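J.: heads up, no residue letters with this:
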């Protein structure tokens, strides 16, 4: 059973504590990161020339090697887990840090899944012959050197390395200090396979994680690094956005809305609401706010509040929701509308119209995923036109915004920015393009 | 005669002098820029809902109004020109600043050309029905609020406003202080037409240009501005890249190479070299470095140097080029390989192999456009695979990297970054996408 590779978008983190023990002075660390980036750039130039077969062979060999060398990986992981336990890390976070034979096998299967996906590079995106006879082709090429800054789970290390290698990119992995020994063991295995296959080991590198400054050096290595993808909480993402001089892709912030329209089917609305909120409340596609049209509120709100509470969800309602929902509803504060709870909490409001709902979303949403539940085709058309988010659902759960669910086979994150990639990012989103122009000695006339 | 709309990529600027006369205190100016961005955001939400017909009608009405109100535009322009003359601005720059009846007519024709181009928004980029019956569509949508920072020529004001409006975006124009009165007059006409057509005037706004701080406020208006496109010299671009928290698209830096392979046809190579260098030396697609394979150097270099010198080009050669090219060749310094002259100068070197040429390009190029001249199909394949630039030409002049030449009908700039857009940017590059997902009450299974 091969699981689709998913890096997920869990927003809580094992890395809330400040990293300590800076091991290198500022200048040394900066030079270390830049040297890694330069080596990655050289490796990327080699990788870009590899045909699909060579990349897929390497990915499958990596999968085999991970399983074969699981004992040393698990031994390293035990040291990370022991340290996390000493530090009093919460049990849930320790669970995410912990590797087992099964988990290593699952990580290896992820690499095999990626090997089976089409190679995005070389794809001709557009092409034509111009009036003057010039032949034009826009083809996909690797981005080059991709930096990934992430937290917590060691599986991200391998998943990200697999996706970037498949798309012909070199990767600089800046993981969590809490997973440092695990990540070092995993990356060691992957690099050994690269060398065995005659490929440049520096296509996959782990950056020092003990000092937060390594993130800063990575995101300012302009000219050496082509893109940085921060994966983690709002704090990490805003640091990267504010300090980076390298282009970045913002991922994983989701304040998602479910809007129940005047002409919604009540049972459908309840099912979608519960699934959107409670299926996995910690992920970025979980609903954080419920908006209900006034015309259906008297019927819908009491049932919704009852079912949400039965599922363990705390409802933070406006006055109307509180009035209709009964004493179990907490009074929403202004900040609730902007909060990504990541927990079994939901904000809820009654709105006067579809337009009021879309205006609320525009004012408070994060542009991730919003859903409408309606039987009214005009309402569906209006909502999908007015809501400007990475994904807009009509009569479907917000939980579907996911690379695997979208049939991409794998995802490196969910972009909530508008530039380059929006929504789940698979292999094609890890590419750029270039124009190839073939002539017969063509020169451009004056003018 | 409708000219294709081109914003061009001329790299010299009338704005070399520091803008003075800050008119508002720092905080006031910041609030002024942010208020403009908020108003633009509201306008963008309206614009995004407009069908193509409404946008095209507005663009055509703008074209008519510009011609009709040319006298007031020219009067305003005369004041800018007079001030530039008082300031001792160079004649070439004053020529670019100056408007005439013909130039206004040409600007108006540019808007009509854009009106005739397909509307990129609403285009279904990908679509499928998933195994569970969910229907998936990835559709193009406007980016939202686009900031453009530019210099010199007032025609950019109208061209950029036309392209952004056509693609459903609101635009914040931050032009040059030297063109302030011209820009104010032009934007006034465009906004009047928006109002006449019942469209939001704030879809097109001119930001204060007297204080450089307005650029900083624009590029840090994260959450209000979706993308900033700096158009100008390297100084402007690096300021924007370093200080912005808003995503940016880097444009217009071009250190382009012509590589003459061992098996090049000499006459073809000379024609392409001369066209690439001397057709318009100030634009970003002009060649700045010539690389010649050693096997053809003895035959090619003397003729190339002679023809370049006859065209008024100064050759900065390495030792081998100097030896073969004669006494007219200046000795190249290390910095020459990294210089975008923007003038009738070219660096020239003899290389030992195609790979040495591509390594030189990787070390010194800006990723804009490189050309190979060769009759060897293996060399062409190797060069196009190894060179990672926005455009790679085989037996064609570098001068062809241009939106109009590529058949885009219009361009807002030439991106030299890898994220989002690479090479000439037309209307589709001014869009993002969103996913529309249609279900029948679909919820996602646990797991």
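T.: Looks like it came in fine. On a predicted model such as this, the values are computed, not experimentally measured, just so you know.
J.: switch to C-alpha atoms for all contacts and neighbour counts from now on
T.: OK.
J.: For whichever residue of the stretch 51-200 of chain A sits closest to chain B, report the pLDDT, please.
T.: Going by C-alpha to the nearest C-alpha, chain B is nearest to residue A:143 of the stretch 51-200 of chain A, at 6.4 Å. You'll see residue A:143 listed with a pLDDT of 98.
J.: cool, residue A:338 as well?
T.: For residue A:338, pLDDT reads 96.
J.: Phi, psi for the residue nearest to it when sequence neighbours are not counted please.
T.: Nearest residue to residue A:338 in three dimensions, chain neighbours excluded: residue A:364, at 5.4 Å (C-alpha to C-alpha, 6 or more residues apart in numbering or on different chains). Reported as degrees, to the nearest 10, the phi and psi values for residue A:364 are phi -120, psi -20.
J.: I'd like to check which residues are in contact with the residue of the stretch 51-200 of chain A closest to chain B.
T.: Applying C-alpha atoms under 8 Å, 6 or more residues apart in numbering or on different chains to residue A:143 gives the contacts A:168-169, A:226-227, A:430-432, B:418-419.
J.: Please repeat the previous calculation with a cut-off of 6 Å.
T.: Applying C-alpha atoms under 6 Å, 6 or more residues apart in numbering or on different chains to residue A:143 gives the contacts A:431-432.
J.: Quick check on it: phi, psi?
T.: Dihedral angles (degrees, to the nearest 10) for residue A:143: phi -70, psi -40.
J.: Please report how far it lies from residue B:194.
T.: For residue A:143, the distance to residue B:194 equals 40 Å [C-alpha to C-alpha, to the nearest Å].
J.: What of residue A:187?
T.: Counting by C-alpha to C-alpha - residue A:187 and residue B:194 are separated by 57 Å.
J.: Could you chop chain A up by domain?
T.: A:5-10+A:26-243, A:256-400 (automatic domain parsing).
J.: Which of those domains sits closest to residue A:437?
T.: For these, proximity to residue A:437 was assessed by C-alpha to C-alpha; domain A:5-10+A:26-243 is nearest, at 4.7 Å.
J.: How about stretch A:249-264 and chain B, touching?
T.: No: no part of stretch A:249-264 sits near chain B under the criterion C-alpha under 6 Å from any C-alpha of the partner chain; the closest distance found is 9.0 Å.
J.: just how off-centre is that stretch within its chain?
T.: Centroid separation between stretch A:249-264 and its chain, computed with C-alpha atoms, centre = their mean, to the nearest Å, is 17 Å.
J.: in chain A, what residue is nearest chain B?
T.: Counting by C-alpha to the nearest C-alpha, chain A gets nearest chain B through residue A:420, at 3.6 Å.
J.: Okay, and the closest residue to that residue other than its chain neighbours sits in which element?
T.: Of all residues not flanking residue A:420 in the chain, residue B:420 sits nearest, at 3.6 Å (C-alpha to C-alpha, 6+ apart). Assigned by DSSP states H and E, residue B:420 belongs to neither a helix nor a strand.
J.: So what touches the longest helix along chain A?
T.: For chain A, the helix that runs over the most residues, judged by DSSP state H, is helix A:26-47. Applying C-alpha under 6 Å, 6+ apart, the external contacts of helix A:26-47 come out as A:144-145, A:168-170, A:200, A:202-203, A:217, A:224.
J.: at 8 Å what do you get?
T.: Here helix A:26-47 has contacts from A:144-145, A:165, A:168-172, A:199-205, A:207, A:213-214, A:217-218, A:221, A:224-225, B:386, using C-alpha under 8 Å, 6+ apart.
J.: Tell me the buried residues in that helix?
T.: Neighbour-count burial for helix A:26-47, counted by 16 or more other C-alpha atoms under 10 Å in any protein chain shown, picks out A:29-30, A:32-34, A:36-47.
J.: related to what we said a few turns ago, what's the least confident stretch among the domains of chain A?
T.: Sorting the domains of chain A by mean pLDDT places domain A:5-10+A:26-243 lowest, at a mean of 94.
J.: Tell me how many other residues crowd residue A:125.
T.: Residues near residue A:125, counting by other C-alpha atoms under 10 Å in any protein chain shown, number 12.
J.: SS state for it?
T.: strand (DSSP: H, G, I helix; E, B strand; the rest coil).
J.: List the residues that contact residue A:97.
T.: Counted by C-alpha under 8 Å, 6+ apart, residue A:97 has contacts A:77, A:80-81, A:152-154, A:179.
J.: before we move on, what about residue A:205?
T.: A:36, A:40, A:171-173, A:187.
J.: burial count for residue A:364?
T.: 18.
J.: Leaving out sequence neighbours, find the closest residue to the most far-flung residue of chain A relative to its centre.
T.: Distance to the chain centre peaks in chain A at residue A:446, reaching 48.2 Å (criterion: C-alpha atoms, centre = their mean). Spatial nearest neighbour of residue A:446, excluding adjacent residues (C-alpha to C-alpha, 6+ apart): residue B:279 at 6.4 Å.
J.: excluding its backbone neighbours, what's nearest residue A:140?
T.: residue A:433 (4.2 Å).
J.: State the phi and psi torsions of that neighbour.
T.: phi -130, psi 160.
J.: Kindly confirm whether my reading is correct that it touches residue B:422.
T.: Yes: if you go by C-alpha atoms under 8 Å, residue A:433 and residue B:422 touch, sitting 6.6 Å apart.
J.: does residue A:164 really touch residue A:146, like I thought?
T.: Yes: here residue A:164 reaches residue A:146: they are 7.5 Å apart, a contact under C-alpha under 8 Å.
J.: dump the residue contacts of residue A:164.
T.: Residue A:164 touches A:146, A:170-171, A:427, A:430, counting by C-alpha under 8 Å, 6+ apart.
J.: That one: helix or strand, and which one exactly?
T.: Element membership of residue A:164 [criterion: DSSP H and E] is helix A:155-166.
J.: mind listing what's buried in stretch A:237-246?
T.: Counting neighbours by 16+ other C-alpha under 10 Å, one finds that the buried residues in stretch A:237-246 are A:237, A:240-246.
J.: just stretch A:331-348 next, same as before
T.: Under 16+ other C-alpha under 10 Å, the buried positions of stretch A:331-348 are A:331-332, A:336-348.
J.: Just flag the most distant two among these.
T.: Across those, the longest distance by C-alpha to C-alpha is 18.8 Å; it joins A:331 and A:342.
J.: one step back: residues near the residue nearest to residue A:140, how many?
T.: Neighbour tally, residue A:433, other C-alpha under 10 Å: 27.
J.: For it, give its distance to residue A:176.
T.: 32 Å.
J.: swap in residue A:400?
T.: According to C-alpha to C-alpha, residue A:400 stands 28 Å off from residue A:176.
J.: Spell out which residues of the stretch 301-447 of chain A are next to chain B.
T.: Applying C-alpha under 8 Å from any C-alpha of the partner chain, we find that the stretch 301-447 of chain A lies next to chain B at A:373, A:384-386, A:388-397, A:399-400, A:406-407, A:418-423, A:432-444, A:446.
J.: Around the spatially closest residue to residue A:442 that is not a sequence neighbour, count how many other residues there are.
T.: Distances taken as C-alpha to C-alpha, 6+ apart put residue B:396 closest to residue A:442, at 4.6 Å, once the chain neighbours are dropped. Residues lying near residue B:396 (other C-alpha under 10 Å) number 29.
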